[in-house]
Each structure stands twice: as C-alpha cells, then as structure tokens.
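> Quick one, what's the 3D model for this:
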Amino acid sequence: MTDTTFPTPGLRSTLRHLWQDQRVWLASTLILAALAVFDASQAADSALFAGTALLNTAPFLILSIAIAAWSNATGADNLIAKAFTGAPLLMIGLGALAGGISPFCSCGVIPLIAALLAMGVPLSAVMAFWLASPIMDPSMFVLTAGVLDLEFAVAKTLAALGLGVFGGTVVHLMMKSGAFADPLRDGIGNGGCGGAKIRAPKPVVWRFWADPDRRAKFGKTALTTTLFLAKWLTLAFILESLMLAWIPAETVAAVLGGEGLMPIVIATLVGVPAYLNGYAALPLVGGLIEQGMAPGAGMAFLVAGGVTSIPAAMSVWALARPQVFAVYIGLSLIGAFASGLLFQLWTQVA
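All right, here's what the predicted structure looks like:
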C-alpha cells in the first residue's frame, strides 16, 4: 500500500505565507535554478549581470534610501508633501522638469516615488516625474549628443519633458473624474491625494539622531526600503540579462530598418520588449540612422524603450496598482509615437 503524505495544515500555511511574503525572491531563485539545470553558463552570466548592475546603481540607491529614511525620521516628508499641494498644473510641469534633469536612474528613484505617493503627493505630478526620468539625464544628454548629434539630444530632452507634462495632465484629468484615489499597492505607504501625512502633520525634528524613537524609525525605514529595492531590482536585472542574451541586436536592427511612418509605429512597439538600455541603444540607433532608418523611428524606439525598460516598468509594477501601471504603459506608447512623428516632421522641414 502506497503511503501518500500531504503537507500538514501548519506546513501549508507556512508555505503559503512564504510565497506571499517572499515570492519575488523565490521567483529570482527559481529562474536561476532553472537556468542552472538547462544552461549553466547563462545562469552564471545572469547572476553576474544582476550583481554588477546592483553594484553600479548602488550610489544612486544608497542616496535615495538615505533621503527616504531621513525624511521619514525627521518628519520632513510633511514639508515635501505640502510643497506639492495646490496648483496641480504647476506641479506637473515641475515634476516633468525634475525628471528630465534628474541624474537618478529609473531604479534609484523608486524610493523617492514611493515616498512621494505615500505622503499624499498627487499622482499627476509624480507621473510627470516618473515618465520623464527614464528618458533623459545629464550624462545621457552628453552621450546622445556625442553618439548621435546635439539636435537629437535636444529633441530627446524635449520629448522627455513633453511626455511628462502630457502624462501628468492626462492623469490629472482622470483624477478629477475620480480615478486613482489610492494608487499604491496594499502595504506600500498610505497613498492617495489626501495622505495621512497631510491630514495629520507632525512637527519636523531636524536633529532626529537625538531622539531614540526617530533613530529607530530611520533604521527601520532604511532597512525596509533596502530589502524592497533589492528583491525587485534583482529580479529586474535577471530578466534584463535574459533579454540581452536571447534577443540579438541584429534582430532588432532588422525589424527597425526602413523609412516612412510604419517604422515609427514598429519602433514604438518593438521598443517595449526589445530595448537594451539607454546607453547601449544609442550606438545601435546611430548605426541604423546612418543606414537610412527614419530619425523619427530612432526617437520613438529610444523614448518607448526608456520608459518601458524592465527596471523602469517593474518599478511601476512593484509600487502601483495594475490600473496605474496600464496607464503608465499606455501613456509611454502614445508619447513615444508622438515624439517620433514630430521629430520626423522636424527633420523633413529643417
């Protein structure tokens, strides 16, 4: 007689809670384990890629984590939240501008985004920052001007600002109709336009280290934010490594070749799954333009790929509810196509 043993109720409950609490880490572990079985070299490459990427982004992440923990411990987040209240259209413009000139990558800005939404900053202003940030930063501007040309770099900067303002305005109009009352996922802050930080402000204590409770709050926030970032970014970089390994650049080049309106449409759609990264994509686009690809298609590919790159998209998915994520992707596609079309018209007129 076969003795079939099923997990006890206590064990099932433990496994269920383990999956609910640690499913992101488990997903990363399962992916690497599967790779180790079927492609050991790729497993090693993916683990190395993820570790290197985490180290490269560490300065931005540490600074962002420190800012989030400091604002929580001192109570300065109350001042930040109040600074973003009133004049929504002005806040949208400032959010887009800050995103366009910010040196933070899409990964490093995650704690700031989470803190702003949790403090009750309107999603419209945060969305403007969120959309503009992955497209352009000072180092990207310099590299774009060097690899492509100054005109392209300026146009890409304007595309970042325009997409931020457009996206923030659309979200603002949707919010006026009652949408996105609570944009954050359960367990991540206290989001919404009327967050608790604004409803019940507390005095700011700048010398937080003199208060044991505030020191503890600083450490707890820093640890929580670090663990949150580590699990999502590890998974994001593992997936990005597989995309780089399994989608050759030659395939992307073949799909994006040609001129006219259709390459802009294709570039917008292909930019979502096939994007390399902001820096690696520039030489590819430069080479394609030299071979006769429409400049507008190159712009659409860079804008769509930047906003929907795996780290950028997963940061939105990790923090926000699915409907916010869907709007984020939709706005990025519309904005990328519009940016490519306008840039193509400009190059034909100029």
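> Now tell me which helix or strand of this protein has the poorest mean pLDDT.
helix 196-199 (a mean of 43; mean pLDDT, DSSP states H and E).
> what's downstream of it, the next helix or strand?
Going down the chain from helix 196-199, the next helix or strand is helix 212-246, by DSSP states H and E.
> Give me the distance between K176 and P88.
Note on K176: its distance to P88, by Cβ to Cβ, to the nearest Å, is 9 Å. All C-beta spots, glycine's among them, are computed from the backbone N, C-alpha and C.
> Of those two, which one has the most company?
Using other Cβ atoms under 10 Å as the criterion, K176 and P88 rank with P88 on top: 19 against 10.
> Who are the contact partners of that one?
Contacts for P88 were tallied using Cβ atoms under 8 Å, 6 or more residues apart in numbering; they are 122, 124-125, 172.
> Now the residue lying closest to it once chain neighbours are set aside: which helix or strand?
Counting by Cβ to Cβ, 6 or more residues apart in numbering, H172 is the residue found nearest to P88 once chain neighbours are left out, at 5.4 Å. Taking DSSP H and E as the definition, one finds H172 inside helix 150-176.
> Check which helices and strands that helix sits against.
Applying 3 or more Cβ pairs under 8 Å, 6 or more residues apart in numbering; DSSP states H and E, we find helix 150-176 packed against helix 88-101, helix 123-132, helix 138-147, helix 295-308, helix 322-349.
> In TSV: those, plus mean pLDDT and distance to G219.
Listed next are those as TSV, based on pLDDT from 0 to 100; distance: least, Cβ to Cβ, whole Å:
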stretch	mean pLDDT	distance to G219
helix 88-101	83	28
helix 123-132	87	26
helix 138-147	79	32
helix 295-308	85	34
helix 322-349	89	30
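> Make a markdown table from these and add distance to L229 to it.
Output for those, formatted as a markdown table (distance: least, Cβ to Cβ, whole Å):
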| stretch | distance to L229 |
| --- | --- |
| helix 88-101 | 19 |
| helix 123-132 | 16 |
| helix 138-147 | 21 |
| helix 295-308 | 20 |
| helix 322-349 | 18 |
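> I'd like to know which of those helices is closest to R214.
With distances scored as Cβ to Cβ, the stretch of the helices and strands packed on helix 150-176 nearest to R214 is helix 123-132 (25.7 Å).
> Could you quantify the relative orientation of the closest one and helix 150-176 as an angle?
160 degrees (axes from the mean of the first three to the mean of the last three Cα atoms, to 10 degrees).
> what's the distance between helix 123-132 and the middle of its chain?
11 Å (Cα atoms, centre = their mean, to the nearest Å).
> Name the residues of that helix that come out as buried.
123-132 (16 or more other Cβ atoms under 10 Å).
> Closest one to I238 out of the residues you listed, please.
Nearest to I238, judged by Cβ to Cβ, of these is W130 at 23.0 Å.
> residues in contact with that closest one?
99, 109, 113, 167, 316, 328 are the contacts of W130 under Cβ under 8 Å, 6+ apart.
> Which one of those residues is nearest to G51?
For these, the minimum distance to G51 (Cβ to Cβ) is 21.2 Å, reached by V109.
> hang on, A181 in a helix?
No: counting by DSSP: H, G, I helix; E, B strand; the rest coil, A181 is not found in a helix; it is coil.
> any idea of the pLDDT on it?
The model reports A181 with a pLDDT of 75.
> roughly how far apart are it and V349?
Taken as Cβ to Cβ, the span from A181 to V349 is 44 Å.
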